[in-house]
Each structure stands twice: as C-alpha cells, then as structure tokens.
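>>> any chance you could fold what I've pasted below:
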Amino acid sequence: METQIPKQQRPAKPKSTINSFWFGLAAGLIAPLITLTITYYHAYSYMSIKDFYSHFVYLKLFSAFISLCALPDMLVFFIFIWGNRLIGAKGTLTAIFIITMIVVIFKFFI
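Residues are numbered from 1 along each chain as shown. As a prediction, this is how the structure comes out:
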C-alpha cells in the first residue's frame, strides 16, 4: 500500500505592492468613498453636499447609507482572496471593521 501525502495549500504570494496590508486598507477605504460619490452624483446631485449630509442625518438614514456603500468592500476582499493575496485581504477586512465602527457611531450617537 502506498502512503498518500495530503496536498498542501498554495502558499501566499510573495509580498508585493498589491499584497500589502496598507494597499488593502487603502483599497478598502476608497471603494466605499467611490460608491458614495457615484451614488451622490447619480441620485442626489440636485442637493448640495451639506444638504445631502444633513438630510440623511435628519432622517437617520446615514448609517444605513454608509453600510450599503461598504458592500463593494466585499468584492475587493474577495478579489484579494481569489488572487491569493492574503495580506491585502487582511487590510481590506480591517477597513470593513473601521467602516462598521463608523456605522455604529452614526447609528447610536449621532
């Protein structure tokens, strides 16, 4: 009988500019800002940015709006995972936790 050696997982790609914690964090923080900007110009361009902010805070919808803008972060996270760039994925996951804390602050304190 032959002894089978279990297949090992592919090791993470070597550290590069894209596979760094700071690049993942920046990508994770920029993706919701881009989504917020696109949504603002697409649906709310008739308002000034100040009116837009005050309107959503007054209606207590700003936390929900920010959390919806954070959905593209999941796509960024999975792109890092699929590319086996796990260190960059950690940065994106950290950005998701930062955005989650911002949403909680807006939800309960503002």
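>>> okay, CA-based contacts and neighbour counts for the rest of this
Fine.
>>> need phi/psi at the most centrally placed residue in the chain.
Central residue of the chain (C-alpha atoms, centre = their mean): residue 73, 2.8 Å from the mean position. Per-residue torsions, residue 73: phi -60, psi -30 (degrees, to the nearest 10).
>>> again with residue 19
Dihedral angles (degrees, to the nearest 10) for residue 19: phi -90, psi 60.
>>> quick check, it in contact with residue 86.
Yes - assessed by C-alpha atoms under 8 Å, residue 19 is found in contact with residue 86 at 7.1 Å.
>>> what's next to stretch 82-96, contact-wise?
Identification of contacts with stretch 82-96 by C-alpha atoms under 8 Å, 6 or more residues apart in numbering yields 12-13, 18-29, 70, 73, 76-78, 80-81.
>>> make it 6 Å
12, 19, 20, 21, 24, 25, 28, 29, 77, 80 (C-alpha atoms under 6 Å, 6 or more residues apart in numbering).
>>> can you show me the CA trace of the strand or helix carrying residue 94 as CSV?
In this structure, residue 94 is located in helix 86-109 according to DSSP states H and E. The C-alpha coordinates for helix 86-109 follow below in CSV (Å, rounded to 0.1, in the frame of the first residue of the first chain):
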residue,chain,number,x,y,z
LEU,A,86,-4.0,37.3,1.8
ILE,A,87,-2.1,40.1,3.4
GLY,A,88,-4.0,42.6,1.2
ALA,A,89,-7.2,40.9,2.2
LYS,A,90,-6.4,41.5,5.9
GLY,A,91,-6.1,45.2,5.1
THR,A,92,-9.5,45.2,3.4
LEU,A,93,-11.0,43.3,6.3
THR,A,94,-9.6,45.9,8.7
ALA,A,95,-11.2,48.6,6.5
ILE,A,96,-14.5,46.8,6.8
PHE,A,97,-14.2,46.8,10.6
ILE,A,98,-13.4,50.5,10.6
ILE,A,99,-16.5,51.2,8.5
THR,A,100,-18.5,49.1,10.8
MET,A,101,-17.4,51.1,13.8
ILE,A,102,-18.3,54.3,11.9
VAL,A,103,-21.8,52.9,11.2
VAL,A,104,-22.3,52.0,14.8
ILE,A,105,-21.2,55.5,15.9
PHE,A,106,-23.6,57.1,13.4
LYS,A,107,-26.4,54.8,14.4
PHE,A,108,-26.2,55.2,18.2
PHE,A,109,-24.5,58.5,18.8
